[in-house]
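J.: Could you look at this predicted model? Sequence included:
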Amino acid sequence: MLSRRFFLAATVSLLLVPQSVFAKKRAPQDKKMGLGPHTLAREEWPPAITPDFIEILDASKGYALLCAQSGRLAIVDFKKERGPQVIGELSGLGKKVIDLTLSQHHVFALTAQDSDSEQTYSVAIVNLSQPGEPAVSARIPLLYLTEPTAIAAFGDFVAVGGTDKNGQNQILILNLSSKRTKDEAKEPIATLDVQQSIAALDYQERQLVVLEPAAGGTTVDVFNMFNPRAPQKVATLKLEGTYSTMARIKDMLALAGQSAGQSADIRLLAMHPTPHVVSGQKLPLSDIEDMTAQRGQLLVLGNRADRTVVLPLTVGKGLALSAGEAVVLPAGNQMVSSKARMAATDKEAYIAAESGSVQLLSIRNNGWEYTYSHTIPRLPVASVAFAGNTAVLGGSDIKVYDVSSPEHPALAGTADVPGVVRSVASAGDLLLVFARDALTLRHVDKPSDVVATLKISGQKLAYDARRHKAYVLAAGDKTTTVTPVSVSQTLSAEPSQTLSGVYRMGSALDGNLLVSGLNELALYDMASGQQSQLGTRIFPNLAIRDIALLGDKAVMTAVDSSSRGFLLTINTTKTELPTIGSVDLPQDAVAIAASPNQAVVVGRSDTGKDLATIVDLSNSAAPKVVATFPVLEAASAVAIKGKLAVVGGRGLEILNL
């Protein structure tokens, strides 16, 4: 299901400017009350990505690096008092991230991208010296590999494994120090050949370990990297079974996978004086996803029966293994993970799953225990509403924030909803939620409690708070079906009515319903139970973005063919719905919230910045922009109450008006 911003982009794709591929996150500046409209608080959610890679960036600060194969990277602070928060991010690492590794203050990402008609590969170097502003400092083309598969780094030396143009399994050793020119960095200082396909590399303690699993058995090659320009092979080990995951602590290397008998298995290798297998043990798992090692202990992430678990293994004297109690992870949308990654410190472990969540384990009572799970929203907010002293945000789920202290909003409740939330509205002491094919009434203080449910389909909900009436709009090819719903402690659908025209947006007030399509506006009297058209108008040179009905006037945002944004005030007392006044906007005006004297418009500038624009409506004939300032990413919904506004995007931002 697409978000509101994506839907609008699809309907006016020729009118919109592409989003910037790189966005920086900055905390809102402290501003004193009385200095005009400004941000009071911002709560950003973790990145809207599926974390295919996870690494610990700074254990003392709780910084973790998440990266998606699609090329989006984020630095997340998991020790924030009010929950995880994105502190820095970037996108556009490449069309695909194949593998990545951390070394000092850099990420080395093995990436693929399209160049003309062929796919090319490179190492993207991301500078993390300022975690709040990660930046690509260089891209090193890989000239000698046609299919790279793995990367590892030790200091400024990077090993990249894959297949060359002759089909040979090869490892390139690159010197990527800042003192090397880009041309010098392209040329490997050494190349190594191995027999089997390379699945993973480990480069530390001046040793390079190459893991090469295959159906007929697994090969482990070990190279002495004391002189990276002249690596020396010190051992080749052959193991029966397929071992595709490895982790290392100093002189110990652990391999996990399937034994020759097809059972989950782990092998421990001593790396000095000569690499050799010391011990092994079957694991009570059906399959293994990932493994990490910390201070004499291994954590194995895998599946058992119908659940995903983390199995701790203590490494004793002589590399003997003893299994601890498995930690069963809470079931999400999928009971068993088919793609998960793990990173750990000696006290905490982070598990990133394909469901888009990060789960945290901590050491408690001398054992590992599940702490919490944070779901990463996949979509920005589609709708925002005020309900008393709370702000309700609907998108991939429902989030309720206590904004009684607007400088310090606090998450008060969440609720999962089948499908994607399209609209939320405050209905007295209850919450009206429209998602996919159902309209529900819920308690604001506990949004997971459903008071009433009505099965109904449509694209948008308009709620008339004065008449306690909701209108569900379902647009067809040439007409739109409107279903009125009486709202009390129950939901009662009234006979549906058909409007001539395709309308996907609506605003309702005191028995009237204002609807809009791509460039058409229409007003209906719905109070009698039989719709009566009060006015209609076509805007041939504009694409309507959002509308708000305010009684004898309405406000509308739109863009022209050059993507310039406008706000128009409309006279709703005349059948031709004439324009009273208009003002240019410095953004594409994706959403609006308005009171009779003031409006807040959110959208994106032609340079890719998300903005909020405050418009004075006290003189309808001459609306005036009084302030514009940056807001959180993907701002796509807004609500106002008195002197406050809540902007929803990938998180929320509270504005003082």
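T.: In hand now; what should we look at?

J.: now the helices: where do they sit in the chain?
T.: Taking DSSP state H as the criterion, the chain carries its helices at 4-11, 182-186.

J.: mean confidence for stretch 493-513?
T.: In this model, stretch 493-513 has a mean pLDDT of 96.

J.: Go through that stretch and flag the buried ones.
T.: 497, 499, 501-509, 512-513 (16 or more other CB atoms under 10 Å). C-beta: built from backbone N, CA, C; applies to glycine.

J.: Tell me who's in contact with the residue lying closest to G162 once chain neighbours are set aside.
T.: Leaving aside its sequence neighbours, G162 sits nearest to P148 (CB to CB, 6 or more residues apart in numbering; 3.5 Å). Shown in contact with P148 (CB atoms under 8 Å, 6 or more residues apart in numbering): I98, L110, Y121, L142, V160, G161, G162, T163.

J.: Now for those residues: which two are most distant?
T.: For the contacts of P148, the farthest-apart pair by CB to CB is L110 and T163; their separation is 13.3 Å.

J.: More neighbours: the two, which one.
T.: L110 (27 against 16; other CB atoms under 10 Å).

J.: The more buried one bridge partners, please.
T.: D99, V123 (DSSP bridges).

J.: isn't it right next to I98, touching?
T.: Yes. L110 lies in contact with I98 (CB atoms under 8 Å); the separation is 4.5 Å.

J.: rewinding a little: select from the contacts of P148 the one having the most neighbours.
T.: V160 (30 neighbours).

J.: right, and that residue touches T111 too?
T.: No. Look at V160 against T111 with CB under 8 Å: they stay out of range, at 11.2 Å.

J.: joint contacts of those two?
T.: Common neighbours of V160 and T111 (CB under 8 Å, 6+ apart) are V123.

J.: Now render the contacts of P148 as TSV, adding distance to L655 and pLDDT.
T.: Formatted as TSV, these follow (distance: CB to CB, whole Å; pLDDT from 0 to 100):
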residue	distance to L655	pLDDT
I98	42	96
L110	42	97
Y121	45	95
L142	47	94
V160	47	97
G161	51	97
G162	50	97
T163	54	96
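
J.: With distance to A593 added, can I get the residues you listed in CSV?
T.: Listed next are these as CSV, based on distance: CB to CB, whole Å:
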residue, distance to A593
I98, 44
L110, 45
Y121, 47
L142, 50
V160, 51
G161, 54
G162, 52
T163, 56
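
J.: Quick one: residues contacting T498.
T.: T479, T480, T481, V482.

J.: so where's the chain uncertain?
T.: The chain contains residues with pLDDT under 70 at 1-34, 46-49, 80-83, 115-117, 331-338, 354-356, 375-379, 419.

J.: residue at max distance from the center of it?
T.: Taking CA atoms, centre = their mean, the residue of the chain most remote from its mean C-alpha position is P273, at 46.0 Å.

J.: ok so, going back, max pairwise distance over the buried residues of stretch 493-513: which two?
T.: The farthest-apart pair in those, when distances are taken by CB to CB, is V502 and L509, at 22.2 Å.

J.: residues contacting the closest residue to K446 other than its chain neighbours?
T.: Once flanking residues are discounted, K446 sits nearest to G413: 5.9 Å by CB to CB, 6+ apart. Contacts were defined as CB under 8 Å, 6+ apart; by that measure G413 touches I398, K399, V400, D445, K446, P447, S448.

J.: ok, now T101?
T.: V107, F108, I151, A152, A153, V158, Y203.

J.: Tell me the most packed of the residues you listed, by neighbour count.
T.: Of those, with other CB under 10 Å as the count, V158 tops at 27 neighbours.

J.: Hmm, it is touching A152, no?
T.: Yes. The pair V158 / A152 is scored as a contact, 7.3 Å apart, by CB under 8 Å.

J.: if we can go back for a sec, any chance of the buried residues of stretch 493-513 in a markdown table, with distance to S197 too?
T.: What follows is the buried residues of stretch 493-513, written out as a markdown table (distance: CB to CB, whole Å):
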| residue | distance to S197 |
| --- | --- |
| Q497 | 64 |
| L499 | 61 |
| G501 | 59 |
| V502 | 54 |
| Y503 | 56 |
| R504 | 51 |
| M505 | 53 |
| G506 | 57 |
| S507 | 59 |
| A508 | 62 |
| L509 | 65 |
| N512 | 67 |
| L513 | 63 |
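
J.: Of the residues you listed, which belong to strands?
T.: Restricting the buried residues of stretch 493-513 to those inside strands, with DSSP state E as the criterion, leaves Q497, L499, M505, G506, S507, A508, L509, N512, L513.

J.: Pretty sure the first one sits against S528.
T.: No. Applying CB under 8 Å as the test, Q497 and S528 come out as separate, 11.0 Å apart.

J.: Contacts only, for S457.
T.: D437, V472, A474.

J.: now it: how far from L491?
T.: Going from S457 to L491 by CB to CB, to the nearest Å gives 14 Å.

J.: what do you get for D449?
T.: 15 Å.

J.: Looking only at neighbour counts, state which of those two leads.
T.: More crowded of D449 and L491, by other CB under 10 Å: L491, with 21 against 13.

J.: Thought A438 was touching the more buried one, still the case?
T.: No. Using CB under 8 Å, L491 makes no contact with A438, being 9.8 Å away.

J.: Count the residues that sit near the residue lying closest to T390 once chain neighbours are set aside.
T.: Sequence neighbours aside, V400 is the residue nearest to T390 in space, at 5.3 Å (criterion: CB to CB, 6+ apart). By the criterion of other CB under 10 Å, V400 has 24 neighbours.

J.: what's V400 in contact with, if anything?
T.: Taking CB under 8 Å, 6+ apart as the test, what V400 contacts is 387, 390-393, 411-414, 431, 444-445, 447.

J.: what would those residues look like in CSV with distance to K186?
T.: Shown next, in CSV, are the contacts of V400 (distance: CB to CB, whole Å):
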residue, distance to K186
A387, 59
T390, 56
A391, 52
V392, 53
L393, 48
L411, 48
A412, 54
G413, 54
T414, 49
L431, 58
V444, 59
D445, 60
P447, 55
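
J.: V421: which of the residues you listed is nearest?
T.: Nearest to V421, judged by CB to CB, of the contacts of V400 is L393 at 8.5 Å.
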